[in-house]
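In: this one's structure only:
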């Protein structure tokens, strides 16, 4: 029992793809296709992380942080974008988020883990009510209870702070060396978890490279199917062999 694996998932761009609802909202407000969707997504992610820190510290409201992130993204891309378009983007993006879903592959993975009795949890950064609503919209309550969900705003500390990982260990009774953090953010999910002594699986949909000087994740999955096979190997094959 001491060698039992514990899987902890991020939500955004890990348990579901964040890119599609973002792109459709952006192209709707812009009135045309983006020339480089991958570049847009990368910059938007960077600007979102920046504005998350400002909203968490109370320097700006949550709504303003969401407007600023798209305005700054478009500014970085050199694309003219008005405040009215930013408001339109946020409205459409919010509407898109009411139709989020977990893919067939991720559903299969979570079903397999549940059937095998693998212990699981979720740690996500963001406003409490927003992330809890997203948790239910995605149907994650099929596999997780709200007691298996930690939202940064609900505990007063966010990834990559080691404290949030320690909170999870205490709450769920897991050992760091047997715990795997699965997430898309190198800084928040991977670096944070590694600093806590956890194993890490980087969900690298967009095939980014690890910056020089940053510790590499233990495992990398480029697709959901790769992630599923990797977790089957870690939790089922290794468990039987060990």
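Out: That came through, no problem. On a predicted model such as this, the values are computed, not experimentally measured, just so you know. Numbers count the residues shown, from 1 in each chain.
In: use CA for all of it now, contacts and neighbours both
Out: Will do.
In: can you list the domains in the protein?
Out: 6-16+100-241, 19-99 (automatic domain parsing).
In: can I get those in TSV with mean pLDDT?
Out: Putting these into TSV (pLDDT from 0 to 100) gives the following:
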stretch	mean pLDDT
domain 6-16+100-241	95
domain 19-99	95
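In: Need those in JSON lines (columns: mean neighbour count).
Out: Output for the domains of the chain, formatted as JSON lines (neighbours: other CA atoms under 10 Å):
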{"stretch": "domain 6-16+100-241", "mean neighbour count": "17"}
{"stretch": "domain 19-99", "mean neighbour count": "16"}
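In: Where is the longest helix in this protein?
Out: The helix that spans the most residues within the chain, counting by DSSP state H, is helix 37-56.
In: For this protein, which segments count as strands?
Out: Counting by DSSP state E, the chain has these strands, from start to end: 6-9, 119-124, 149-151, 179-183, 199-203, 219-221.
In: Dump those strands to CSV, plus distance to residue 99.
Out: Shown next, in CSV, are the strands of the chain (distance: least, CA to CA, whole Å):
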stretch, distance to residue 99
strand 6-9, 20
strand 119-124, 19
strand 149-151, 21
strand 179-183, 22
strand 199-203, 22
strand 219-221, 25
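In: among those strands, which is nearest residue 86?
Out: Residue 86 lies closest, by CA to CA, to one member of those: strand 119-124, at 25.0 Å.
In: Parallel or antiparallel, which strands does that closest one pair with?
Out: Each strand paired with strand 119-124, and its direction, by DSSP bridges: strand 6-9 (parallel), strand 149-151 (parallel).
In: for residue 147, what are its contacts?
Out: Remark: with contacts taken as CA atoms under 8 Å, 6 or more residues apart in numbering, residue 147 is in contact with nothing.
In: same check, this time on the one 5 residues further on
Out: Counting by CA under 8 Å, 6+ apart, residue 152 touches 123-128, 158-159, 164.
In: on that earlier part again, for the longest helix of the chain, name the packing helices and strands.
Out: helix 62-77 (3 or more CA pairs under 8 Å, 6 or more residues apart in numbering; DSSP states H and E).
In: From the chain's centre, how far out is the helix it packs on? Work that out for me.
Out: Using CA atoms, centre = their mean, to the nearest Å, we find the averaged C-alpha position of helix 62-77 to lie 19 Å away from the chain's own average C-alpha position.
In: who does it touch, helix- and strand-wise?
Out: Contact partners of helix 62-77 among helices and strands, from 3+ CA pairs under 8 Å, 6+ apart: helix 37-56, helix 83-96.
In: out of those, nearest to residue 74?
Out: When these are ranked by proximity to residue 74 (CA to CA), helix 37-56 comes first, at 8.1 Å.
In: That closest one to helix 62-77, inter-axis angle?
Out: 140 degrees (axes from the mean of the first three to the mean of the last three CA atoms, to 10 degrees).
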